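J.: Below: sequence and its predicted model.
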Amino acid sequence: MTVFLLVFAVVALIGVLYALVLRPWLKKQPWAQSFFAWVDPIELALFKKSETILMGRLLWVGGLFVTFYDGAAMFIHSLDITPLTTRFFDWAQIPQDLRSLSMSAFIGIIGLLINRLRKTTTKPLELVAVPDAQVTPAAAQAMAKAEAAKEQAVQAVAEAKS
């Protein structure tokens, strides 16, 4: 059980780092385009190439895990991960009286990260979820027009506010 939880936590951490830091940075690197050509079908299947959906799915899977644990704990009375969470909080040097607050803060931080991703989202999901190999020249032109129109609309709203 401990190994499973550790693997689950590592996979979730890698997913979050990929969504928030690595993927946006790699998208800007010309040498990484071959990587995205390879990983494009996987991203499309798992999270439609949207960092916001990836974060949402990671939160969703974590919620399913907690739900499964709580459900199993009702029937398996010896199931207790308190020693594991205690080790984590001891390692993080979080005092006993602040542990529940730190969990609430962690969930709040996840919400802030999702809000940040939403703010940086620039295209509709239908445009993001198209494999790069299937974008025709006509579709690329239409996407460029839509991007230009969006930028004009944002600029017009910014001018109206000032």
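T.: Structure received.
J.: Number of residues surrounding Leu54?
T.: Leu54 sits with 21 neighbouring residues when counted by other Cβ atoms under 10 Å. (Glycine included, C-beta is placed from N, CA and C.)
J.: which secondary structure element contains the nearest residue to Asp132 once chain neighbours are set aside?
T.: In this structure, Asp132 finds its nearest non-sequential neighbour in Asp40, 5.9 Å apart by Cβ to Cβ, 6 or more residues apart in numbering. Using DSSP states H and E, Asp40 sits within helix 33-47.
J.: In whichever helix or strand comes after that helix, which residues are buried?
T.: For helix 33-47, the following helix or strand on the C-terminal side (DSSP H and E) is helix 51-75. Neighbour counts using 16 or more other Cβ atoms under 10 Å place 51-59 of helix 51-75 among the buried residues.
J.: Off-centre distance for helix 51-75?
T.: 14 Å (Cα atoms, centre = their mean, to the nearest Å).
J.: now it and helix 33-47, what's the angle there?
T.: Here helix 51-75 runs at an angle of 50 degrees relative to helix 33-47 (axes from the mean of the first three to the mean of the last three Cα atoms, to 10 degrees).
J.: got the contact list for helix 51-75?
T.: Residues from elsewhere that reach helix 51-75 (Cβ atoms under 8 Å, 6 or more residues apart in numbering): 8, 12, 15-16, 18-20, 23-24, 46-47, 79-81, 110, 113-114, 117-118, 121, 125.
J.: one step back: between all of the buried residues of helix 51-75, which two are separated the most?
T.: Glu51 and Leu59 (12.8 Å; Cβ to Cβ).
J.: returning to that earlier point: quick check: the residue nearest to Asp132 touching Pro131?
T.: Yes. With contact defined as Cβ atoms under 8 Å, Asp40 reaches Pro131; the gap is 5.3 Å.
J.: more neighbours, these two?
T.: Neighbours were tallied for Asp40 and for Pro131 using other Cβ under 10 Å; the higher tally belongs to Asp40 (16 against 12).
J.: Distance of that one relative to Trp25?
T.: 17 Å (Cβ to Cβ, to the nearest Å).
J.: do the same with Leu59
T.: 22 Å.
J.: Also Asp132?
T.: For Asp132 relative to Trp25 (Cβ to Cβ), the value is 18 Å.
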